[in-house]
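Colleague: Sequence first, predicted model second:
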Number of protein chains: 2
Amino acid sequence: MTRKRFDDMGCSVACALNEVGDWWSLLVVKQAMLGTRRFVDFQHSLGIAKNILCNRLSRLVDNGVMVRVDVGEHGKRYEYRLTDKGRDLFTVVTALRQWSERWNGEKDAMQLVDGQSGEPLAPVVVKNQQGKALTVRDVRFVDKDGQPWENVG
Amino acid sequence: MTRKRFDDMGCSVACALNEVGDWWSLLVVKQAMLGTRRFVDFQHSLGIAKNILCNRLSRLVDNGVMVRVDVGEHGKRYEYRLTDKGRDLFTVVTALRQWSERWNGEKDAMQLVDGQSGEPLAPVVVKNQQGKALTVRDVRFVDKDGQPWENVG
DNA sequence: TTATTTGGTTTCTTAATGCAACCATTCTGA
DNA sequence: TCAGAATGGTTGCATTAAGAAACCAAATAA
């Protein structure tokens, strides 16, 4: 009785969640974005159990989100680095961070700022091709033929 | 030996994942964005077990992401609707959807288009105050005093 | 040579997931 | 009116995942 698979639901969101939809994966990615690369550093900064971290890193590597690099120097043998695919999760992680700060308050001592100006980032928003901001009420869900999506049960 | 709590890690991302970081929650929210409101419709469209759905809906309601509304008409007794906080997850869900489509291909028969023009949406991007697009390499992580964030172990 | 660091694996206990059965209330059809 | 179905659950059980701690091999450092 294995966990439900999300990659065959015909849904992009489900497919994404199949790769990074568990409690730890996105946190590992976020930590990697902070510069963490080594196993022990992930372990200590996240407070994650070693076997779970092992499992998550393997799965992130399998899914092409991270790569394991052999660096044969003074006891530090491997590094886990984000791939382009992993770095591309920056949008997701940032949107999640901003959402949390908007609705739960800024519980984070850390801030994310523009590397050059040092100013806070702009809120991440969904826009149409013309650059107009859209909420979920401003969009339609359609099938390949442009017909309204039937939300079948 | 309870599950690790993510809301006291002093990290906004962790705090967000504590609310919607499990396998099902974001899918329920996504489905609600498609217009699903009733228990059975969530159940059938997602293929989720009833007890798990029950648990997730309760938790989403507890966290203020959804509300349970009593609609006393012909056997449909309750509706689960997104709150403003829930609708605000649109950015996150859309970023996740686009990420999946970029890297795993468009496995979704459903498309998300501008309600007025019918055109696909623009890619969600992180920008600075001036509107310049930023990658994770273009940002800094700093503490309250603007000092570089020390990635302590 | 003896620790120590690194990156794991193993074992064990607890929690979460999935499935099926059951259940009370409300509506529908005959 | 009365049987049946739908709705929104709850309960019980089997399987899987998570968390903590112990253990371990290879390489490094003291």
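Modeller: Received, thanks. Numbers count the residues shown, from 1 in each chain, chains lettered A, B, ... in the order given.
Colleague: so where is chain A shaky, pLDDT-wise?
Modeller: A:1, A:73-76, A:151-153 (pLDDT under 70).
Colleague: the helices in it, which residues?
Modeller: For chain A, the helices defined by DSSP state H cover A:12-20, A:25-33, A:39-46, A:50-62, A:84-87, A:90-104.
Colleague: got the contact list for the last one?
Modeller: When contacts are taken as Cβ atoms under 8 Å, 6 or more residues apart in numbering or on different chains, the neighbours of helix A:90-104 outside the stretch itself are A:20, A:26, A:29-30, A:33, A:107-108, A:112, A:121, A:123-124, B:12-13, B:15-17, B:19, B:64, B:85, B:88-89, B:91-92, B:95-96, B:98-99, B:124-126, B:135-136. For glycine as for every other residue, the C-beta is placed from the backbone atoms N, C-alpha and C.
Colleague: how about 7 Å then?
Modeller: With contact meaning Cβ atoms under 7 Å, 6 or more residues apart in numbering or on different chains, helix A:90-104 is reached by A:26, A:29-30, A:33, A:112, A:123-124, B:12-13, B:15-16, B:85, B:88-89, B:91-92, B:95-96, B:99, B:124-126, B:135-136.
Colleague: give me every residue that touches A:Gly86.
Modeller: A:29, A:32, A:65-66.
Colleague: hmm, back to that, out of the helices of chain A, flag the one nearest A:Asp143.
Modeller: A:Asp143 lies closest, by Cβ to Cβ, to one member of those: helix A:12-20, at 13.9 Å.
Colleague: now check the closest one, is it near DNA strand C?
Modeller: No - counting by Cβ under 7 Å from any atom of the strand, DNA strand C has no neighbours in helix A:12-20; the shortest distance is 10.9 Å.
Colleague: that older thread, in JSON lines: the contacts of A:Gly86, plus neighbour count.
Modeller: Below are the contacts of A:Gly86 laid out as JSON lines (neighbours: other Cβ atoms under 10 Å in any protein chain shown):
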{"residue": "A:Val29", "neighbour count": "23"}
{"residue": "A:Ala32", "neighbour count": "23"}
{"residue": "A:Val65", "neighbour count": "26"}
{"residue": "A:Met66", "neighbour count": "25"}
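Colleague: Just put the residues you listed in JSON lines and tack on distance to B:Asp143.
Modeller: Shown next, in JSON lines, are these (distance: Cβ to Cβ, whole Å):
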{"residue": "A:Val29", "distance to B:Asp143": "21"}
{"residue": "A:Ala32", "distance to B:Asp143": "19"}
{"residue": "A:Val65", "distance to B:Asp143": "27"}
{"residue": "A:Met66", "distance to B:Asp143": "26"}
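Colleague: nearest to DNA strand D, of those?
Modeller: Checking the contacts of A:Gly86 against DNA strand D by Cβ to the nearest atom of the strand gives A:Val29 as the nearest, at 15.0 Å.
Colleague: Can you give me the distance of that closest one to A:Leu134?
Modeller: 26 Å (Cβ to Cβ, to the nearest Å).
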